[in-house]
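A.B. asks: I'll drop the sequence and a predicted model, then ask my questions.
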Amino acid sequence: QVQLLESGGGLVQAGGSLRLSCAASGRTFGSYVMGWFRQAPGKEREFVAAITWNYGATMYADSVEGRFAISRDGAKNTGYLQMDSLKPEDTAVYYCGAGPQPSSSWRRYDFWGQGTQVTVSS
């Protein structure tokens, strides 16, 4: 079992920045992939970014490429999502998930955090 806990959400003006954190616990995270997804009201959960925990390989959704950066700190068992140049359309609940392989499909992730709200005002 893996437990995930997100933090760092909040209210920010368009053009601003936020850094989300996802603390993992419960078992060795080394073989997992950590993914960030977001879900706006009435919409399906949408892929944002993912990182392989052992090699640090990353992948991004086109909508956030160049604005967001995913990273991890193995010693702290914590992943991060640095979000810059935020736009109102980035407003959503952001979730981190853990799964066995890099994927843009939320169905491939086995464990989830409770989510953290990000609101970007225009």
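C.D. replies: Received, thanks. Residues are numbered from 1 along each chain as shown.
A.B. asks: From now on I want contacts and neighbour counts done on CA atoms only, so please keep to that.
C.D. replies: Will do.
A.B. asks: Now do the helix or strand residue 24 falls within: which elements does it pack against?
C.D. replies: Assigned by DSSP states H and E, residue 24 belongs to strand 18-25. Strand 18-25 sits against strand 3-7, strand 78-83, with contacts defined as 3 or more CA pairs under 8 Å, 6 or more residues apart in numbering; DSSP states H and E.
A.B. asks: Between the ones you listed, which one is closest to residue 15.
C.D. replies: Of all those, strand 78-83 sits nearest to residue 15, with 9.9 Å by CA to CA.
A.B. asks: Quick one: work out the angle between the closest one and strand 3-7.
C.D. replies: Inter-element angle recorded for strand 78-83 and strand 3-7: 30 degrees (by axes from the mean of the first three to the mean of the last three CA atoms, to 10 degrees).
A.B. asks: Let me know the angle separating whichever helix or strand comes after strand 78-83 from strand 3-7.
C.D. replies: With elements assigned by DSSP H and E, the helix or strand that comes after strand 78-83 is strand 92-99. Put simply, strand 92-99 runs at 150 degrees to strand 3-7, going by the same axes, to 10 degrees.
A.B. asks: can I get the helices and strands packed on strand 18-25 in TSV with distance to residue 93?
C.D. replies: Output for those, formatted as TSV (distance: least, CA to CA, whole Å):
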stretch	distance to residue 93
strand 3-7	11
strand 78-83	13
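A.B. asks: need those strands in a markdown table with mean pLDDT and distance to residue 21, can you?
C.D. replies: Shown next, in a markdown table, are these (pLDDT from 0 to 100; distance: least, CA to CA, whole Å):
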| stretch | mean pLDDT | distance to residue 21 |
| --- | --- | --- |
| strand 3-7 | 96 | 5 |
| strand 78-83 | 97 | 5 |
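A.B. asks: Lovely, talk soon.
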